[in-house]
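Here is my input, please return the structure:
(2 chains)
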Amino acid sequence: MARVLVVEDDPDIRQLVELRLRGLGHRVVSAPSGAEALAVIADRGAPEVIVLDVAMPGMTGLEVLRTLRAQPEHADLPAIFLSARVRPEDIAAGEALGAVYLTKPFVVSALAGAIDKALQPTAQTAGGW
Amino acid sequence: MGRDGEAAQTAGPSTPSTPSTPDTPSTPPGPDPRRRRADERAAAAGGTSVGVRLTRALGLVLALLLLVGASGAGGLLVTGSSRAHENELRGLEAANAALQLTLADADAAVREHHDTHLPQSRRRYERSLQALPALRAHVQAQLTDPLQRSLFTEQTRLIDTWLARTDPDRGAADVTGATAQAQAFAEAREANTRLDTLVRAQRREATGTETWVRYGALTVTALTLAAALAVVTGTGTRTRRALVDPLRALVDVLDALGRGDRRAHADPTAGPAEVRSLALAVNDLARENARLLQAAERSARLHRLAGDIGRQVRDQLLAEDALQVAVTRLGEELRVARVWVRMLTDADPSGAPTDPPTDPPTDPGPATDPGPATDPGPAAGLGPVAGEWAAPGLAPLHRAGTPQDPGDPQDPAGALRGLDDSRSWLHELHAAAEVHAVPDTRTLRGRSPLLDGFLRGTDARALLLVPIGVGEAPQGLLTIVCGTGPRDWTPQEVDLARSVAVDLSRALVLAGLYRAQERLLGELRDVEAVKSDLLATVSHELRTPLTSISGYLDLLRDGAVGEVDEDVAAVLGIVERNTERLRSLIEDLLLLSRVESAPTTEARGATPVTDLLTGVLAATAAGPTRGGTPRCTSTPEELAGLRVPGETEHLHRALLAVLDNAVKFSPAGSAVHVRVERHRHDVHVVVQDNGMGIPAAEVEGVFARFARASNAALQQVPGTGLGLTIARDLLRLHGGSVHLDSVEGQGTTATVRLPLAPPPAPATPITAAAPAAAAAVPLVGAAPATD
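Numbers count the residues shown, from 1 in each chain, chains lettered A, B, ... in the order given. All right, here's what the predicted structure looks like:
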């Protein structure tokens, strides 16, 4: 089971994702904004997977991931976008950062599958969290 | 026109041609034709005239013939006179002979009488004596020269002596008497003989003279005739030689000219004067011919040019470009100093760049309403220069798109007619489809301060003013300024300017329309962008709560929150179904808006029909709706190599919408047949179900947005009413179509037509992908849903 950081500004959805991921057996930490997410990572180290909303006040999910990718230690951090933005250009922008792009409303199985897939290649390189 | 008899010519469509003056640029380089002609004349002056030569020869022949006549006449004269003389001598000779005979007869008769004394002797003697005086007189009458006379006088004296010594009655014994008589007779007879000898000699001499004269005359005649013949022959030969060769050369030149050789040229220094004159005339003709040909060629060239420039002007979409092309090409082709265009201030503003394109369209800049309103000069009505060209080395006089500087030369326009207003003048000119040509601006000097200022400011030596406009109203004025002159504007040049002005007018109108269209298109794009953004935002905003609703619904259904009894589960099912419907609606709306705003793009790539069908069948099987079961009756072999152009995702979505409908509206467990038909240029995917069908009156209507067949709505089959609309629009984007055949209660056959992509290149992965796809996905799909 993995440590997952959920970044989502909508509290209902944030709670829903937390519930679902915990139900799947993952340890979940969440942040209501991009800035807080970066603070959490700086404070407590990198998660194994980061799940990001795209459209958020302040930093967007894309900006958060771009910031992380700029840091060598997070360059390969598995990331999943979970967004209500479904235009092809939005999806392409997310995938360009090496993330899986899931659209809202989401199916739990799809989210679970994406996290499992993201964990597979880096399962052994877990940090202390 | 021309009511005040001014020097300016107002050229109508059929103004007769005036030969171009030597200083117009159209005159080809080379020496002045007139001087060349004078040189030729000087060179041709040396020839001898055939006429003079022939006249001389004729005179000579006539003289010779006169000589022949004279010699003949002289000969005849001389011969006649010598023959008369000879006849005279012959008569004298005969008379002298008769005298001697009579004398001898008398002497014989007297001597016989002496012997015989016969009376008849005596009578004979006396008869002879009686005849003697007449005979002597006869001889004497025919004497012609002194020698004859002296001989005759001697003879007469001796005859008288003989008569004196003769006595018929003398006796025979008188011997002395007889002797004297005989002696006297002998002497008389000798004298007679002497005369006879003289006359004979003279007669012979006369005969000789006549012969000599005759031969002489003949000789002279023959020689003269020979000379005349020689003169005629010689002159003829020389004339022939002098005429034939140069004439033949001239014929060659004329032939060459006839074949169109413009350099053919006769030699005016060869041959006699007449041929030289003829050569000069031929050269004049050739020059005139060349001039006419050149004029015709120039005319044809200008005609072609008018078409060429017109096309180029009409090709411009922007008024500024059309104006610039028109003034530049006209200036270059007419080889003038300046060309510019001014629009009437109330002309269609879309055509006049008084509204600079960089300005926002809503900005009522002061540039749109320039000077003339406040400063109604003689050129009132004309706006600032909209486009100008100046010959290389000359600075433009105006700045396009700016109000006219008071220092700029005003267009003479109305002032040419002494009018204060250019507008009415322009209206008049435009209505008559005429052009105002001024071959020599010196005629305009001193008429008005405006004209003088214009001439000073532009150095114009000749002018051509052409109205611009379509329909009845003029739009503006095209001004062509020639810096050298006077210049006679040829009808071809006038026609060229007029033709370009007409094309420019049309181009300006078109440019106005184009601009309006561009503006409209821009607004439409803005609207489209706003709509797209709005839809994206709305979609995003709708999805966020929907995510919570469906997510927490799932949590409830999964029992993660607590036990759910049957009644609550049923209610949750209704909420779940409607949540799903809402989600579909949002997705379809977004997709539809994207499809409708997409331009018909070039097909990118090509998708194998096998892959498309496999994907669609799999998606249908995995989908939430339950109904019929799709069965593909086409074998993978039949589909091999079939490809359709376009985006796989869009095609997939369109086919899925059609198949979803068939499955959805079919009874559970019934078969939905899917088959692929290959046609010449396209491929048909036929989806046939045995479902509820569509009422006949509603078949076409189901393609409309949110339209649902009445029976489907009644039976509460879920759906947004957007599926077929999306399918139709997507297929249209790919050059395809969808067609429905339906019988209510029996089923529907949907035919999706898509164009066939060209056969794949040999290296395409079709052969590798097809077996894998066929193996991986059952074409008769009934895979269980994994939600």
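
which SSE is B:L478 in?
strand B:476-482 (DSSP states H and E).

what element comes up after that strand heading to the C-terminus?
Per DSSP H and E, the first helix or strand lying C-terminal to strand B:476-482 is helix B:491-557.

about what we covered before: can you give me the angle the strand holding B:L478 makes with helix B:491-557?
130 degrees (axes from the mean of the first three to the mean of the last three C-alpha atoms, to 10 degrees).

partner strands of strand B:476-482, parallel or antiparallel?
strand B:338-344 (antiparallel), strand B:462-468 (antiparallel) (DSSP bridges).

next helix or strand past the first one?
In this case it means strand B:338-344. strand B:382-390.

then that next one to PDB, C-alphas only?
Below are the C-alpha coordinates for strand B:382-390, written out as PDB (Å, rounded to 0.1, in the frame of the first residue of the first chain):
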ATOM      1  CA  LEU B 382     -11.700  64.800 -53.200                       C
ATOM      2  CA  GLY B 383     -10.200  63.200 -50.100                       C
ATOM      3  CA  PRO B 384      -6.500  62.700 -49.400                       C
ATOM      4  CA  VAL B 385      -4.400  60.600 -51.700                       C
ATOM      5  CA  ALA B 386      -5.300  56.900 -51.300                       C
ATOM      6  CA  GLY B 387      -2.400  55.500 -53.300                       C
ATOM      7  CA  GLU B 388       0.500  57.100 -55.100                       C
ATOM      8  CA  TRP B 389       3.400  56.000 -57.300                       C
ATOM      9  CA  ALA B 390       6.300  58.200 -58.300                       C
END
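
what residue lies at the spatial centre of the chain?
Picking chain A for this. Of all residues in chain A, the one closest to the mean position by C-alpha atoms, centre = their mean is A:V51, 1.5 Å from it.

actually chain B
B:A300 (4.8 Å).

pLDDT score for the residue in chain A that chain B sits nearest to?
Proximity of chain A to chain B (C-beta to the nearest C-beta) peaks at A:A84, 3.5 Å away. Backbone N, C-alpha and C define where each C-beta goes, glycine included. pLDDT for A:A84: 90.

Could I get the contacting residues of the residue nearest to it when sequence neighbours are not counted?
With C-beta to C-beta, 6 or more residues apart in numbering or on different chains as the criterion, A:A84 has its nearest non-adjacent residue at 3.5 Å, and that residue is B:R543. Residues near B:R543 by C-beta atoms under 8 Å, 6 or more residues apart in numbering or on different chains: A:A84, A:V86, A:T103, A:K104, A:P105, B:R583, B:I586.

Most neighbours among the residues you listed, please name it.
A:A84 (25 neighbours; other C-beta atoms under 10 Å in any protein chain shown).

dump the residue contacts of it.
A:A55, A:T103, A:K104, B:S539, B:H540, B:E541, B:R543, B:T544, B:T547.

phi, psi of it?
When read as degrees, to the nearest 10, the backbone of A:A84 gives phi -90, psi 0.

What residues does chain B have near chain A?
By the rule C-beta under 8 Å from any C-beta of the partner chain, the part of chain B lying against chain A is B:536, B:539-541, B:543-544, B:546-552, B:554-555, B:560, B:579, B:583, B:587, B:590, B:594, B:786-787.

swap the cut-off to 6 Å and go again
Counting by C-beta under 6 Å from any C-beta of the partner chain, the residues of chain B lying close to chain A are B:A536, B:H540, B:R543, B:T544, B:L546, B:T547, B:S548, B:S550, B:G551, B:R583.

that older thread, you'd agree the residue nearest to the centre of chain A is in a strand?
Yes - secondary structure of A:V51 (DSSP: H, G, I helix; E, B strand; the rest coil): part of a strand.

what's the spacing between it and A:L97?
According to C-beta to C-beta, to the nearest Å, A:V51 and A:L97 sit 14 Å apart.

what's the answer for B:G171, then?
208 Å.

For chain A, what's the nearest residue on chain B?
B:R543 (3.5 Å).

quick one: that residue from B:T237, how far?
B:R543 is 120 Å from B:T237, by C-beta to C-beta.

And for B:G208?
43 Å.

cool, B:V327 as well?
Taking C-beta to C-beta, one finds B:V327 at 70 Å from B:T237.

How about the residues of chain A by chain B?
A:D10, A:D12, A:I13, A:L16, A:A84, A:R85, A:R87, A:K104, A:P105.

Does the last one touch B:P545 like I think?
No - under the criterion of C-beta atoms under 6 Å, A:P105 is not in contact with B:P545, lying 9.5 Å apart.

quick revisit: more neighbours: which of B:G171 and A:L97?
A side-by-side neighbour count of B:G171 and A:L97, using other C-beta under 10 Å, places A:L97 first with 17 against 11.

Was I right to think that one contacts A:L65?
Yes - A:L97 is within contact range of A:L65, at 5.0 Å (criterion: C-beta under 6 Å).

Now B:Q688: phi and psi?
According to degrees, to the nearest 10, B:Q688 has phi -120, psi 130.

That one: neighbouring residues, count only.
18.

do the one 5 residues further on as well
As a burial measure, B:G693 scores 22 neighbours (other C-beta under 10 Å).

Read off the pLDDT value for it.
At B:G693, the model reports a pLDDT of 90.

Test my guess that it contacts B:D741.
No - B:G693 is beyond contact range of B:D741, at 9.7 Å (criterion: C-beta under 6 Å).

Show the contacting residues for the closest residue to B:L323 other than its chain neighbours.
Once flanking residues are discounted, B:L323 sits nearest to B:G387: 3.1 Å by C-beta to C-beta, 6+ apart. Counting by C-beta atoms under 6 Å, 6 or more residues apart in numbering or on different chains, B:G387 touches B:L323, B:Q324, B:V327, B:V341, B:A400.

Likewise for B:G260?
By C-beta under 6 Å, 6+ apart, B:G260 lies in contact with nothing.

thinking again about what came up before, export the strands paired with strand B:476-482 to CSV and tack on mean pLDDT and mean neighbour count?
Compiled in CSV, those are given as follows (pLDDT from 0 to 100; neighbours: other C-beta atoms under 10 Å in any protein chain shown):
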stretch, mean pLDDT, mean neighbour count
strand B:338-344, 88, 26
strand B:462-468, 90, 26
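
export the ones you listed to CSV and tack on distance to B:A266?
Shown next, in CSV, are these (distance: least, C-beta to C-beta, whole Å):
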stretch, distance to B:A266
strand B:338-344, 44
strand B:462-468, 38
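
and of those strands, who's closest to B:F152?
strand B:462-468 (115.9 Å; C-beta to C-beta).

ok but B:E472 is inside a helix, no?
No - B:E472 sits outside any helix when classified using three-state DSSP, being coil.

Spatially nearest residue to it, not counting backbone neighbours?
B:A431 (7.1 Å).

Run a quick neighbour tally on that neighbour.
As a burial measure, B:A431 scores 13 neighbours (other C-beta under 10 Å).

okay, it: pLDDT?
85.

distance of it from B:W425?
According to C-beta to C-beta, B:A431 and B:W425 sit 11 Å apart.

can you pull the buried residues of stretch B:731-742?
B:L731, B:L733, B:H734, B:G736, B:V738, B:L740, B:S742 (16 or more other C-beta atoms under 10 Å in any protein chain shown).

Would you work out how far apart the start and end of it are?
One end of stretch B:731-742 to the other measures 20 Å (C-alpha to C-alpha, to the nearest Å).

farthest-separated two in the residues of chain B next to chain A?
B:A536 and B:G551 (21.8 Å).

Give me the more crowded residue out of the two.
B:G551 (22 against 19).

That one touches A:V17, doesn't it?
No - assessed by C-beta under 6 Å, B:G551 is found out of contact with A:V17, at 7.9 Å.

where do the helices sit along the stretch 151-300 of chain B?
For the stretch 151-300 of chain B, the helices defined by DSSP state H, counting those that start in this stretch occupy B:175-258, B:273-315.

Reformat these as TSV; add mean pLDDT.
Supplementary listing: the helices of the stretch 151-300 of chain B in TSV, determined by pLDDT from 0 to 100:
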stretch	mean pLDDT
helix B:175-258	88
helix B:273-315	87
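
I'd like those laid out as TSV, including distance to B:R53.
Below are those laid out as TSV (distance: least, C-beta to C-beta, whole Å):
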stretch	distance to B:R53
helix B:175-258	7
helix B:273-315	10
